[in-house]
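> I'll drop the sequence and a predicted model, then ask my questions.
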Amino acid sequence: MAKATWNGAVIAEAKQFETVEGNVYFPPETLDRAHLRPSSHTSICPLKGVAHYYDVVVGDHVNPAAAWYYPNPKPAAAQIKDHVGFWKGVAIEK
């Protein structure tokens with residue numbers, strides 16, 4: 001079981017998840033999308049491809065670009081397609 005929390009809210013919780021480069025990636029159906037807002041931020045990883053981001057939102061608090069996903073990952077990371085990882089203070093428990 002893995003759980004992602006921020007500011008007292010559970011953002012994602014999953015029995016099955018992927019781990020790549022030490023990061024936990026949550027399947028899309030395990031996310032509480034009420035706490036995710038699309039961000040225009042992107043970045044490039046040589047292994048995984050182009051990452052897209054979400055802001056994590058709890059009440060009036062916003063953690064900009066604190067969640068990311070790969071809509072079209074490179075073949076080496078195909079298992080994390082559309083799965084979401086977290087950083088910037090989002091706590092991950094396993």
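Structure received.
> Show me which positions of stretch 72-91 end up buried.
By 16 or more other Cβ atoms under 10 Å, the buried positions in stretch 72-91 come out as 73, 77, 80-81, 83-86, 90. Placement of C-beta: from N, CA and C, glycine included.
> So which of those residues sit within helices?
Judged by DSSP state H, these include no members of helices.
> Could you export the residues you listed to a markdown table, including columns for distance to Phe26 and pLDDT?
A markdown table is the format used below for the buried residues of stretch 72-91 (distance: Cβ to Cβ, whole Å; pLDDT from 0 to 100):
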| residue | distance to Phe26 | pLDDT |
| --- | --- | --- |
| Pro73 | 15 | 97 |
| Ala77 | 15 | 95 |
| Ile80 | 10 | 98 |
| Lys81 | 13 | 97 |
| His83 | 6 | 98 |
| Val84 | 5 | 98 |
| Gly85 | 8 | 98 |
| Phe86 | 8 | 98 |
| Val90 | 11 | 98 |
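> Direction included, what does the lowest-mean-pLDDT helix or strand in the chain pair up with?
Ranking every helix and strand in the chain by mean pLDDT, DSSP states H and E puts strand 18-20 at the bottom, with a mean of 95. Strand pairing for strand 18-20, determined by DSSP bridges: strand 23-25 (antiparallel).
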